[in-house]
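pasting the sequence and the predicted coordinates here, then a few questions.
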Amino acid sequence: MNKSKNLISTLIIYILMILVITILVITSFKFAIYGDNKYSFYKKHYLKNQVLDELPGMNINNLMSLNDKMMNYLIGKEEKLTFVTNIDGKEQDFFNDNDRSHMLDVKNLFLGALTIRNIFLVLSIILIISLLLLNFKNKRYLLYKVALGYLISMAIFVIIFAVVGIMFSSNFDKYFEVFHQIFFPHGGYAFDPSVDYMIRMLPAEFFDAMLGRIGLCIIIPIVLLSLGSLAIIFIEKKKGIVLK
C-alpha cells in the first residue's frame with residue numbers, strides 16, 4: 001500500500017473507532033435501562049428498598065404500571081408524563097411540574113443520544129466500505145490496523161473519563177451543578193421528598209444500583225473487544241503479516 005492510501009486508511013480507522021466506541025457506550029447504556037422488557041430490575045429495587053412504604057396507597061402492580069408509563073415516556077412512546085393514582089389518601093397525578101421538567105430534559109438527552117448513535121451507525125458503515133475498498137488486497141493487514149486503532153482510541157476514551165472522574169472527585173458539588181446546567185436546561189433537578197413523589201420512587205440507592213448495572217453493561221463488551229484486539233495483534237505480528 002502506498003503512503004497516501006496508508007495515511008487515509010489510518011485516519012479513517014481512528015474516526016471509525018471513535019464512532020464505534022461511542023455507539024457501543026450508548027447501546028450498552030440503553031440495554032442497561034431497557035434490556036429487560038418486564039423491568040424486573042426496577043421491581044427488585046422497589047421491593048428491596050421498600051419504596052412502597054414511602055408511597056402510601058400504592059401497591060406493587062400499581063407502581064409497575066407507573067414504571068411502564070415513565071419508561072415509555074423516556075423513549076418517546078408517550079407524549080405526556082402523567083399518571084393519576086391513589087397516593088397519600090387522594091386521587092392525584094403522581095408527577096408534578098418539577099418532575100415533568102426534569103424528565104423532559106432526561107427524555108431529550110436520551111433520545112438525542114440514540115439519534116447520535118444511529119447517525120454514527122450510518123457513518124460507520126460508510127467508513128467500513130471505504131476501508132475495504134482502500135485495502136482490498138490486504139485485509140489481514142487492515143484487521144491488524146483496526147485492532148490497533150481500537151486499542152489506542154479506547155485508551156484515549158479511558159483517559160478522558162479518568163480526567164472527568166478526577167474533576168468530579170475534586171469538587172463534586174461544583175461539577176454536578178455544571179453538568180446539570182449544561183444537560184438539564186429546564187432546571188428541574190432539585191427534589192424535595194415531601195412534595196416530589198418521584199424522588200421517593202427513585203432514591204439514591206436506585207441510582208447507585210443503576211450506575212453499577214450501566215457500568216457492567218459497558219465494561220463487558222469493551223473488555224471482550226480489547227482482548228480480541230490484543231489477540232489479533234499478537235497473532236498477526238507472530239505471522240509477520242504486518243511487515244508486508
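Sure thing, it's come through. Numbering: from 1, shown residues only.

quick one, phi/psi of residue 194?
phi -70, psi -20 (degrees, to the nearest 10).

okay, now it: neighbour count?
Using other CB atoms under 10 Å, residue 194 has 8 neighbouring residues. (Glycine included, C-beta is placed from N, CA and C.)

what do you get for the one 5 residues further on?
Residue 199 has 19 neighbouring residues, counting by other CB under 10 Å.

touching, it and residue 191? I think so.
Yes. Between residue 199 and residue 191 there is a contact at 3.9 Å, judged by CB atoms under 8 Å.

could you find the closest non-adjacent residue to residue 72?
residue 78 (4.5 Å; CB to CB, 6 or more residues apart in numbering).

the one you found: what secondary structure?
coil (DSSP: H, G, I helix; E, B strand; the rest coil).

so it touches residue 66, yeah?
No. If you go by CB under 8 Å, residue 78 and residue 66 don't touch, sitting 11.8 Å apart.

more neighbours: these two, which one.
residue 66 (20 against 16).

how is the more buried one assigned, secondary-structure-wise?
Assignment for residue 66 (three-state DSSP): helix.

contacting residues for it?
Shown in contact with residue 66 (CB atoms under 8 Å, 6 or more residues apart in numbering): 58, 83, 85, 94, 201.

also residue 46?
So residue 46 contacts 52, 60, 63, 64, 67, 201 (CB under 8 Å, 6+ apart).

helix or strand for it, which one?
Remark: residue 46 resides in helix 40-48, with elements defined by DSSP states H and E.

and that helix, how far out from the chain's middle?
21 Å (CA atoms, centre = their mean, to the nearest Å).

tell me who's in contact with the residue positioned nearest the centre of the chain.
The chain has residue 29 as the residue nearest its centroid, 2.8 Å off, counting by CA atoms, centre = their mean. Applying CB under 8 Å, 6+ apart, we find residue 29 in contact with 113, 214, 217, 218.

tell me what the helix or strand residue 221 falls within is packed against?
Here residue 221, judged by DSSP H and E, is contained in helix 204-239. On a contact count with 3 or more CB pairs under 8 Å, 6 or more residues apart in numbering; DSSP states H and E, helix 204-239 meets helix 3-34, helix 40-48, helix 139-170.
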